[in-house]
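**Student:** need a 3D model of the following:
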Amino acid sequence: MVELYVPSRAEFGVRQAWLADPGFMSYNAGWNLDHPGYDRVTGCIDWPPDQWAAFEDRLLQPADRHGYFYVRDTITSDYIGHAHYEVDAGVANIGINLVPEVRGRGLGVAVLTLLMTRVWADTDAAHAVNEFEDDRTPAVRTHRRCGFVPDADTRSDWGRPTRTWRLARPEASS
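**Tutor:** I've put the predicted structure just below:
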């Protein structure tokens, strides 16, 4: 089982290690990003402690605009990834990433389901979207299983084609 957990500043070293791990960040490699500390070869992002206060402030802001969570294994209490959302103009842009050691075990569906439960409970977003390449088969499979539908077109804003996957807010049952 997994759960979403809002990290404390004392636990930010976990995120720092993930962002510096080429295995964890492999999905992020090769993009045309203009982001301080981004390594295009590995996908890693430098996240020094002098940036932690701003991140901590963001975690304390209202959940109707954004959320960031560690994914915790409820049996071992290990942090095995992270999940996040940011709402803009009624759309929740989401993302999940699990440590390489636990990938391929079906946990992505559980994590995405938990994340969407939070998005629908905490925000008024009409849709949730995630964007990634068609050849990321595990991501495609996970999003399909959670009811996401792919947009027809691909685009290449960051150096290679990506597709947006979309999920509409469930209708309230009467």
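**Student:** the residue nearest to residue 108 when sequence neighbours are not counted: what secondary structure?
**Tutor:** Closest residue in space to residue 108, ignoring its immediate chain neighbours: residue 142 at 3.9 Å, by C-beta to C-beta, 6 or more residues apart in numbering. In this view, the C-beta of every residue, glycine as well, is placed from N, C-alpha and C. Secondary structure, DSSP: H, G, I helix; E, B strand; the rest coil: residue 142 is helix.
**Student:** flag every buried residue along whichever strand in the chain runs longest.
**Tutor:** Taking DSSP state E as the criterion, the chain has its longest strand at strand 79-88. Within strand 79-88, the residues that count as buried by 16 or more other C-beta atoms under 10 Å are 79-87.
**Student:** in JSON lines, list the residues you listed along with pLDDT and distance to residue 54.
**Tutor:** Output for those, formatted as JSON lines (pLDDT from 0 to 100; distance: C-beta to C-beta, whole Å):
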{"residue": "79", "pLDDT": "98", "distance to residue 54": "21"}
{"residue": "80", "pLDDT": "98", "distance to residue 54": "25"}
{"residue": "81", "pLDDT": "98", "distance to residue 54": "22"}
{"residue": "82", "pLDDT": "98", "distance to residue 54": "17"}
{"residue": "83", "pLDDT": "98", "distance to residue 54": "20"}
{"residue": "84", "pLDDT": "98", "distance to residue 54": "15"}
{"residue": "85", "pLDDT": "98", "distance to residue 54": "18"}
{"residue": "86", "pLDDT": "96", "distance to residue 54": "15"}
{"residue": "87", "pLDDT": "97", "distance to residue 54": "19"}
